[in-house]
Each structure stands twice: as C-alpha cells, then as structure tokens.
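Asker: Just the structure for this:
(one chain, ligands or ions: 2)
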Amino acid sequence: MNTSVSVDLGDRSYDIHIGRHLLGRAGSLVGPLLGASRVFVVTDENLARLHLGSLTASLEAAGIDHACAVLPPGEATKSFGELERLLDLMLAARCERSTPIVALGGGVIGDLAGFAASILLRGVPFIQVPTTLLAQVDSSVGGKTAINAARGKNLVGSFYQPRLVLADVDALATLPEREVKSGYAEVVKYGLIDDAPFFAWLETNGAALLGGDAECRAVAVTACCRAKARIVAADEREEGGRVVLNLGHTFAHALETEAGFGTLLTHGEAVSLGLVFAFDLSVRLGLCPPADLERLVAHLAALAMPVRLPPLPGRLWQSERLLAHFASDKKVKDGRVPFVLAKRIGQSFLCREVPPVTVRAVLDDAIRTAAEGGAP
Ligand SMILES: NC(=O)c1ccc[n+]([C@@H]2O[C@H](COP(=O)([O-])OP(=O)(O)OC[C@H]3O[C@@H](n4cnc5c(N)ncnc54)[C@H](O)[C@@H]3O)[C@@H](O)[C@H]2O)c1
Ligand SMILES: [Zn+2]
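Answerer: Ligands and ions are numbered 1, 2, ... in the order given. As a prediction, the model looks like this:
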C-alpha cells in the first residue's frame, strides 16, 4: 500500500509519501518537484552502510548529482559543533539557494539537517527521508528542527517545513528492535490523542507491526501522519492545539532527564511510561474511567512495552527530583506545568490546573511499584 498525505500550510504545503520501495523512487519524486539537478544528502554512518546506496542510485538514475555528509550516529550529533561542521561541508560542496538538502536518517539527522537547511544561505529547500519509526510518524512531519544546547535538549532551532517527506517502510526492516518499540510508543500516542478506532486497530495489529509486517507499518505510519498533518495544519507554531502531541511527554522528559538521556531509557520508552502516567493522572483526577488506563497498560504490556520504571543504577527514582525536572519543561507558563490529560482513549486535552499533589501521588506509586518489582 502506497499512500500520500498532504500537510496543508498554504504556500508551504507539502506531501508525505508513505509506502514501500520509496528510496528507489526518490530521484523521480524529487527531480520534478524541485527541478534540482543536484542535492546535498545528510546521513549517519549506520544509514550510509544500509540505505544510502539505494537513495544515491535512484538520484543517479534520475540524473541528479549529489554530495553527501556522513555524520556519527546518536543524539550527540545534534550539537553546535556538528552543525558548524555540516554547514561548512555544505558550503564547501557549493550548495546554492536552490540546492535541496536531503536528510536520510532518524530524528537526529532530520532535526540537525533541517536546522542547517533553515539557516544555510538564509534557507534552502529541505527533504526528509525518515528511516526510524519515530521519525516517520513524528519528527519528519511538522517542521520543528533543533539542536541541543548545554542547558537542555532541543533549545536551539527553528520552524522550517520540508518540501517533501518520503517515508519508506522498507527502510525500517533494518532498524533494531529497541528503536522500533521506541517509535511504537509515539504510534500509540496518536490513538490515545483523538483516534480510538486506531487504538483498537493497534490492539489487533500492533504485534504484527512490531514483528516487521510492512503493510501494517504503512497503515500505521499513514494514520499517524494524517493525524500529525491535521494537528500541525491547525497550529503550525504550537500556539494552541498542537500541544496535544505532547501527551505523555511532560512525564517522559522528566524521566529522560533523570535517567541521563543515555541507553538506560530511550525517548520512546520514556513516552510509553509517560502515556501510562498521564492516564493514571487523568483517572486520579476523576476525568477518565479506570478501565481505559487498564486497557492502555494491557496493550503496552502485551507487546512488552515499558509500563514500569526500570531500575536506576546505584540509586532510586525520587519523585522530588522528577517534579523539579518539570519546572524546566519548555511548556511551563507562569510557573504552572501544563499536562495533556485524557477523558478517554481517543479524547485528550490540555489542562493547566493539575494539582501537584496528584502528580506526586502518580510518581510515588510508580516508584513504589518499581521498587517492589510488582504488577504495574
Ligand atoms: N522535530 C520533531 O518534531 C521531533 C519529534 C520527536 C523527536 N525528535 C527528535 O528525534 C530524535 C530521535 O530520533 P530517533 O528516535 O529517530 O533516533 P536516531 O535518529 O538517533 O536514530 C536511532 C538509531 O537508529 C539508527 N537508524 C536509523 N534508521 C535506521 C535504519 N533504518 N536501520 C538501522 N538503523 C537505523 C541510527 O543510526 C541511530 O543509531 C531526538 O533527538 C528527538 O529530539 C524530533
Ligand atoms: Zn516524542
């Protein structure tokens, strides 16, 4: 199944193509759209080994010349140092205002290359070729670009929309299982935000999706991109409705900060826990039926997704420390921490008046359950 979803943003509108064998068709899709005879590809060492060849072969077949920058994989690449190095490579390759930058990779490459494209020569065309499940359902769509600063993640960046997104689900075949599961947490998020039928579809098809079924993956990526496109079109700069995409993320960011952004807890694993905590909080506030929390936990647990805090090496989780991390959340306004809560599976909304004592109770109970090694 090959589909396309358009992101409707007036003169900055663009298409997301989703499906199989798209890397091999990249040249014929990019050429006519941008009239480019040359592109600059940004990727990382893993992708250079696995998928860069298919992309460059299709560019060559379409008569498109290319230069490439191959960067080290990992979050540390979203840095000022790598940005400067990348911009220098682009200038050395004589990129012009009309030379498209193509990001082949996960969210790290997409965020860095997108930011570079937004500032190189005051902005050059940008194309996303996301290769992780997270990037296909989330980071490649919507135009947020960023690098990390010493004082926190994603603190320096721009809103800069791509001209085209190519989400080739076949590229996911080489993605390590842990990365697939991390992306799956974001997939579940879309069902919880406003699409209960999609959540039910995931209950039936989630195992096949995680197991590598390309058709299932294409269906899910399409559903997520449709949802994200709709939300972004209504609120491009996160001044209102786009904030629901943050479901589970206030908790997730605090957990990631505490776990040190390392291999202990990936972003997606933190999101899986964050979704559970957001529903737990909603239940405690009397907003959501307990059965919906149970259904969410059952779905995640059935797929061996995280529903319980992992042990921290040499120390314990402390709710006090997690609460302190909320204060540095980008969405805090006038000292209040906003949470996306749920009335049901598929009905999420932003709440700015959450009593800190209830948040603390959610964390205390999660920490106690983890320490006891008991059921979630
Ligand atoms: N801009 C946004 O809206 C947005 C949204 C969510 C997340 N993000 C950002 O995305 C980043 C995380 O992205 P990610 O989860 O894609 O991680 P990532 O880009 O670090 O990729 C994860 C790992 O998988 C490897 N990899 C990628 N594709 C592969 C493939 N097809 N086969 C084998 N290996 C492959 C990479 O080399 C890397 O080692 C974070 O920096 C986060 O801040 C941005
Ligand atoms: Zn996320």
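
Asker: Now do the contacts for the closest residue to S139 other than its chain neighbours.
Answerer: Using C-beta to C-beta, 6 or more residues apart in numbering and skipping residues adjacent in sequence, the residue nearest S139 is G107, 3.7 Å away. Where C-beta positions appear, they are placed from N, C-alpha and C, glycine not excepted. Taking C-beta atoms under 8 Å, 6 or more residues apart in numbering as the criterion, G107 is in contact with 130, 132, 134-135, 138-140.

Asker: Let's see the pLDDT reported for the spatially closest residue to R20 that is not a sequence neighbour.
Answerer: Leaving aside its sequence neighbours, R20 sits nearest to D170 (C-beta to C-beta, 6+ apart; 5.1 Å). D170 is assigned a predicted lDDT (pLDDT) of 98.

Asker: quick one on the thing from earlier: what's the per-residue pLDDT of the residue nearest to S139 here?
Answerer: 97.

Asker: And for P313?
Answerer: The model's pLDDT for P313 equals 89.

Asker: Tell me both backbone torsions, phi and psi, for the nearest residue to it once chain neighbours are set aside.
Answerer: Excluding its sequence neighbours, the residue lying closest to P313 (C-beta to C-beta, 6+ apart) is L264, at 7.3 Å. When read as degrees, to the nearest 10, the backbone of L264 gives phi -60, psi -40.

Asker: thought L312 was touching L264?
Answerer: Yes - if you go by C-beta atoms under 8 Å, L312 and L264 touch, sitting 7.2 Å apart.

Asker: now what about the helix-or-strand element of the chain with minimal mean pLDDT, what contacts it?
Answerer: Ranked by mean pLDDT, DSSP states H and E, the weakest helix or strand in the chain is helix 26-34, scoring a mean of 90. Helix 26-34 has contacts (C-beta under 8 Å, 6+ apart) with 17, 22, 36, 39, 55, 58-64, 98, 100, 102, 125, 127, 129, 163-164, 166.

Asker: how far does that helix sit from the chain's center?
Answerer: Centroid separation for helix 26-34 versus its chain: 25 Å, with C-alpha atoms, centre = their mean, to the nearest Å.

Asker: quick revisit: residues touching the residue nearest to P313, list them.
Answerer: Contacts of L264 by C-beta under 8 Å, 6+ apart are 310, 312-313.

Asker: List the contacts of Y190.
Answerer: Y190 neighbours (C-beta under 8 Å, 6+ apart): 137, 198, 223-224, 227-228.

Asker: Doesn't it lie inside a helix?
Answerer: Yes - the assignment for Y190 is a helix, going by DSSP: H, G, I helix; E, B strand; the rest coil.

Asker: Tell me the spacing between the residue of the chain most remote from its centre and V41.
Answerer: Using C-alpha atoms, centre = their mean, the residue of the chain lying farthest from its centre is G63. It sits 32.3 Å away. Separation of G63 from V41 (C-beta to C-beta, to the nearest Å): 16 Å.

Asker: Tell me which stretches of the stretch 151-300 of the chain form strands.
Answerer: Remark: strands assigned in the stretch 151-300 of the chain by DSSP state E, counting those that start in this stretch are 152-159, 164-168.

Asker: what's the most buried one of the ones you listed?
Answerer: Counting by mean count of other C-beta atoms under 10 Å, strand 164-168 has the highest mean neighbour count of those, with a mean of 27.
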